[in-house]
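**Q** Quick check, what structure comes out for this input:
(chains A and B)
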Number of protein chains: 2
Amino acid sequence: MRSHYCGQINSSHIDQEVEICGWVHRRRDHGGVIFIDLRDREGLVQVVYDPDLPEIFSIAEQVRNEFVLRVKGRVRARPEGTVNKDLPTGEIEILGLELEVLNRSDTPPFQLDEHEKASEEIRLRYRYIDLRRPEMLEKIRVRAQVTKSLRRFLEDQGFMDIETPMLTKATPEGARDYLVPSRTHPGEFFALPQSPQLFKQLLMMSGMDRYYQIVRCFRDEDLRADRQPEFTQLDIETSFMSEDEILQLNEEMIRQLYKEVLDVDLPNPFPRMTYDEAISRFGSDRPDLRVPLELVDLGDLMQSVEFKVFSGPAKDAKGRVAAMMVPGGSSLSRKQIDEYTKYVAIYGAKGLAYIKVNELAKGIEGLQSPILKFLPDEVVNAILERTAAKDGDLIFFGADKAHVVNEALGALRVKVGQDMELMQGDWRPLWVVDFPMFERDEQNDRWTPLHHPFTSPKLDQLELLESDPGACKSRAYDMVMNGVELGGGSIRIHQQDVQQKIFQLLEISDEEAEEKFGFLLSALKFGCPPHGGLAFGLDRLVMLLTGSSSIREVMAFPKTQTAACMLTSAPSEVAPDQLRELSIRVRKPAAEEGA
Amino acid sequence: MRSHYCGQINSSHIDQEVEICGWVHRRRDHGGVIFIDLRDREGLVQVVYDPDLPEIFSIAEQVRNEFVLRVKGRVRARPEGTVNKDLPTGEIEILGLELEVLNRSDTPPFQLDEHEKASEEIRLRYRYIDLRRPEMLEKIRVRAQVTKSLRRFLEDQGFMDIETPMLTKATPEGARDYLVPSRTHPGEFFALPQSPQLFKQLLMMSGMDRYYQIVRCFRDEDLRADRQPEFTQLDIETSFMSEDEILQLNEEMIRQLYKEVLDVDLPNPFPRMTYDEAISRFGSDRPDLRVPLELVDLGDLMQSVEFKVFSGPAKDAKGRVAAMMVPGGSSLSRKQIDEYTKYVAIYGAKGLAYIKVNELAKGIEGLQSPILKFLPDEVVNAILERTAAKDGDLIFFGADKAHVVNEALGALRVKVGQDMELMQGDWRPLWVVDFPMFERDEQNDRWTPLHHPFTSPKLDQLELLESDPGACKSRAYDMVMNGVELGGGSIRIHQQDVQQKIFQLLEISDEEAEEKFGFLLSALKFGCPPHGGLAFGLDRLVMLLTGSSSIREVMAFPKTQTAACMLTSAPSEVAPDQLRELSIRVRKPAAEEGA
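**A** The predicted model follows:
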């Protein structure tokens, strides 16, 4: 029905006859001539109808925004002075010779150019109109480009795309499952997968060697801005590969992706950092390396000071006292510092001590801080030395339980870095490795896995499982980009006795283990190869690549914060006989049921 | 961890040291030497351990089937007389120099070589062992190759992979939906998609232009041998393309697929046949063109005969009388013909008349048939002429309601073709086009769509929608291969008034249309482009390409006939508080509830 896409016509087509199809983006009448900007997937082109062809001109007069047209015309250079350098097609226009209205359009609920005036609800209800905006189309296009690039890389490396079930058994990832009642097994339910973790491990036990899948996953959680009930994962698993080989392969994939999609060269190799180092230097296991600020430990200096705010945490094995030096930070106003104090309070910090370094040459006199009076001069001097603060800098302090200090200063670090425009570099990937196996669930007084219970401990630390589980490191790794966790994974446990020991440590009873993971434990008995893998959050990756602020922008048909689809009105009530067939009934709220 | 895959080592590696990993497929002790066939994804290789290295030899002595090994050794030519021509690695063996047992294995529940002795239940329960069989691995590999080939073709043609929701609104495809209770909207349910039909149409309205997706679909139907509750569809939709262009593009994709996967050249172009012609000549809208048998109409000849079995259907507007000539068929025994008579009875045929042509030169005397006495000689001669029967041939007859004759002779045609080894050619694709828009649901006395209610009627037949809906043809098309429907689709309705007329004709009330498809009707108002597409059944395609007899063979983790997973024991009961959160309860069977 067409010879070209609108957006692909340029000076090389001058004097050619072209046929194009698309939507009326804008229509203007100017000097007795009608200008139509016709839009398709590839862009806009200007079509001109003049009154010399009265029949066609009168059709052109009737078209309105979002009408669907088929146009035949001749490409010509735009008259001097009307060239639009901002538009790829801006040097030419099409003299319309034929015009067919393929479909009409009512006045859209919002104009594409003015989408910001429409509420998000309206835009989601009329998603098919919002998606016509070039920016939205571009995000969907980048997403398709991303999956294409990832797939091709992995396939070229011998990975096989293998589908795993959607109707499956509840997974042990901790979040709430979406359930699907079974009609043929009354009273029983499938769960939609939170991830294909166990299936991909079973595929390794099946000898598939290299598996990947771009796969939908589901979590019935209360939604935050960056969560959706269904999301997409790039899932990867390999056998007989070392941790090192897996990291190399995956960063190579991401390097190729960035090159193909953004024409950006990422570092080769990605830097690697242990979890302990990341926490110590950045207060976070997904540090944004663009921020040139670091945490510095002061515990040793503070143990003996009288100021209890510092000495308390310094003496506490679970406490931390740290400083973060901000170059140029002495320019921060009292008001700004107050705001940062409120900001760190979100993370549980009870205050935000600071020292402004005005003039080092004056010694202590050259400093400005409410806490100076509590600290001996030699401690202050040691702090200045350790943070390498210079005139005009500022030092923030954190002193509390270690996790509070880490979260508060870790978040403050990024915020100050952004506010003060200190960011360095556009893309700063890294691997974080050597995660702890477990973290202590203080509330329930038990160990929980930091990743998932199939993560292998470091092979030389197996005895720590008995003696000091909290000190035992795992063979887990996360790929972090600009402070965002792009993906994570681990070498898995391939030995049945180790897997059982982990279950015991997590206080999963034999019965529970058998019921939930019996098939995995059984499979481990029959020749399970050493294996490991990763999962990348595809939506988050596309968000990063497209600079989107919401996951809803990178999905064609997202759901709202209450997990509803404005477009189709899902979920909705269903007929009583459908429920009867499924052997379930709706449980009405207590009040209603009583009535 | 390895230098090569087991299956890829050959004479070119002789004298090289290699490292391989894999499973013990077989271990034999022979003449004081241990032979291990080591297996990985790419095949088998023979490793030899001799007692010269006593430490390693003693490890080798302990390995059993399905142990996971890491082997280092030197490739050498096999001694003369021991070369195995059937094995790609059969000219060489590896002299084992090192041996590490990466994992042990209990005795598997069945030996890979003897899987046929195990029940399907056991094989599904231990799917990860059954998948290790080279034949199963090959099917999974072909499946991955198929998706790779299809994706690359479509992406190279500018199609974008766009994901559509899994948690959505009930679809109108007729089959039973899988439902998912919503926690945040008590008493309401999502449905898992039976197909992304409406979403892909919405994507066209969004200007995406060319969409594809390899997507999971769900139908809660009673399962037959070739059905699974979840199955996979290659889903395609385009805007601004003619029917002809869509067919060309899709057959090009399938031609490329066959070339890449099977190295088979399919015809270019695929033959096209109208629905009417397919039914008339083959009794089926998905004819297997490998069978060189055709139906021939005899209605005109039979109207005036006294034999009511023939004249009745011949005079009935809904009846059909047809013949099918079988070359060489006069060799069929009475017993065989009796069996065919039983076979056509499955399709409702009340009998199976026939004429054996023994010797044409003898005229009527040269024929053999129970029905000759009922037919005038001139009718018999006309039948012989029309069927072009020769000495040694046989003519079968069908006379009944047309659909019974078509189904019975259509099925008989394929059966006789197979039994008598008449099949011609390996791969015989075709397009069936010009389907009727509607079929009559006699039971409910209403029209139902032959495809789905969004299929466009032929543009020159719009007036038939009013005057004679049964005669109105649609712009639907099916791709058929060897009697299997590989895929089907249509040009969709892009005009709101036409869509509304179709809903009226299908007796879908305005309220029902609004509730179920309101968003589509609304979208049709805002500049919907002409569009159309197809969906291919991926599982069926892979079955065909791998010569599999069951869909379960081409899925990694299939479900049983009762929609259960033997491996994970899904579905299963869930905790009461999970149901409470979802505002549902299990409805116990009446008897149990009373107790």
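**Q** Would you mind giving the domain segments of chain A?
**A** Listed by the TED database, the domain ranges of chain A are A:6-103, A:135-268+A:448-560, A:291-424.
**Q** Deepest in the core, which of these is it.
**A** Stretch with highest mean neighbour count among the domains of chain A: domain A:135-268+A:448-560 (a mean of 20; mean count of other CB atoms under 10 Å in any protein chain shown). Placement of C-beta: from N, CA and C, glycine included.
**Q** For the domains of chain A, could you give me CSV that also reports distance to chain B?
**A** Shown next, in CSV, are the domains of chain A (distance: least, CB to the nearest CB, whole Å):
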stretch, distance to chain B
domain A:6-103, 4
domain A:135-268+A:448-560, 4
domain A:291-424, 26
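**Q** Dump these to a markdown table, plus mean pLDDT.
**A** A markdown table is the format used below for the domains of chain A (pLDDT from 0 to 100):
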| stretch | mean pLDDT |
| --- | --- |
| domain A:6-103 | 96 |
| domain A:135-268+A:448-560 | 94 |
| domain A:291-424 | 96 |
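**Q** and A:Leu223, which of the three is it?
**A** Using DSSP: H, G, I helix; E, B strand; the rest coil as the criterion, the local structure at A:Leu223 reads coil.
**Q** likewise A:Gly488?
**A** strand.
**Q** contacting residues around it?
**A** Residues near A:Gly488 by CB atoms under 8 Å, 6 or more residues apart in numbering or on different chains: A:His451, A:Ala476, A:Tyr477, A:Asp478, A:Met479, A:Leu534, A:Ala535.
**Q** Which of those residues fall in strands?
**A** Using DSSP state E, the members of the contacts of A:Gly488 that fall in strands are A:Ala476, A:Tyr477, A:Asp478, A:Met479, A:Leu534, A:Ala535.
**Q** Now the second one: closest residue in space that isn't a chain neighbour?
**A** This points to A:Tyr477. A:Val433 (4.8 Å; CB to CB, 6 or more residues apart in numbering or on different chains).
**Q** Now A:Ile14: phi and psi?
**A** The phi/psi pair for A:Ile14 (degrees, to the nearest 10) reads phi -60, psi 140.
**Q** chain center to the helix or strand that A:Ser280 is a member of: distance?
**A** Using DSSP states H and E, A:Ser280 sits in helix A:275-282. Put simply, helix A:275-282 sits 21 Å off its chain's centre (CA atoms, centre = their mean, to the nearest Å).
**Q** What strands flank the next helix or strand along the chain from that helix, and is each parallel or antiparallel?
**A** As assigned by DSSP H and E, the chain's next helix or strand after helix A:275-282 is strand A:295-297. Paired neighbours of strand A:295-297 in the sheet (DSSP bridges): strand A:319-326 (antiparallel).
**Q** can I get the CA coordinates of the partner strand in CSV?
**A** Below are the C-alpha coordinates for strand A:319-326, written out as CSV (Å, rounded to 0.1, in the frame of the first residue of the first chain):
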residue,chain,number,x,y,z
GLY,A,319,27.6,-0.2,64.9
ARG,A,320,29.4,2.1,62.5
VAL,A,321,30.9,5.6,62.6
ALA,A,322,31.8,7.0,59.2
ALA,A,323,32.5,10.3,57.5
MET,A,324,31.8,11.4,53.9
MET,A,325,33.8,14.3,52.6
VAL,A,326,32.0,16.6,50.1
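**Q** other SSEs contacting whichever helix or strand comes after it?
**A** Of the helices and strands lying after strand A:319-326 in sequence (DSSP H and E), the nearest is helix A:334-345. When contacts are defined as 3 or more CB pairs under 8 Å, 6 or more residues apart in numbering or on different chains; DSSP states H and E, helix A:334-345 sits against helix A:402-419.
**Q** Okay, angle between the helix it packs on and helix A:334-345 too, please.
**A** 140 degrees (axes from the mean of the first three to the mean of the last three CA atoms, to 10 degrees).
**Q** quick check: angle from helix A:402-419 to helix A:275-282?
**A** 50 degrees.
**Q** mind listing what the helix or strand following helix A:402-419 pairs with, with the direction of each?
**A** Per DSSP H and E, the first helix or strand lying C-terminal to helix A:402-419 is strand A:429-433. According to DSSP bridges, strand A:429-433 forms sheet pairs with strand A:272-274 (parallel), strand A:476-481 (antiparallel).
**Q** export the ones you listed to a markdown table and tack on distance to B:Val47?
**A** Listed next are the strands paired with strand A:429-433 as a markdown table, based on distance: least, CB to CB, whole Å:
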| stretch | distance to B:Val47 |
| --- | --- |
| strand A:272-274 | 36 |
| strand A:476-481 | 33 |
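**Q** Any chance you could list what contacts stretch A:326-346?
**A** Residues contacting stretch A:326-346 (CB under 8 Å, 6+ apart): A:292-293, A:351-352, A:354, A:356-358, A:368, A:390-396, A:398, A:408-409, A:411-412, A:415-416, A:420, A:422.
**Q** ok now it, how far from the chain's centre?
**A** The answer for stretch A:326-346 is 28 Å, by CA atoms, centre = their mean.
**Q** Who is A:Thr168 paired with across the strands?
**A** Applying DSSP bridges, one finds that A:Thr168 bridges with A:Ala191.
**Q** right, and it touches B:Cys565 too?
**A** Yes: applying CB atoms under 8 Å as the test, A:Thr168 and B:Cys565 come out as touching, 6.7 Å apart.
**Q** and the residue of the stretch 301-450 of chain A nearest chain B?
**A** Scanning the stretch 301-450 of chain A for proximity to chain B using CB to the nearest CB identifies A:Asn444 as nearest, at 16.8 Å.
**Q** and that residue, how many residues sit next to it?
**A** 9 (other CB atoms under 10 Å in any protein chain shown).
**Q** In contact with it, which residues?
**A** Applying CB under 8 Å, 6+ apart, no residues contact A:Asn444.
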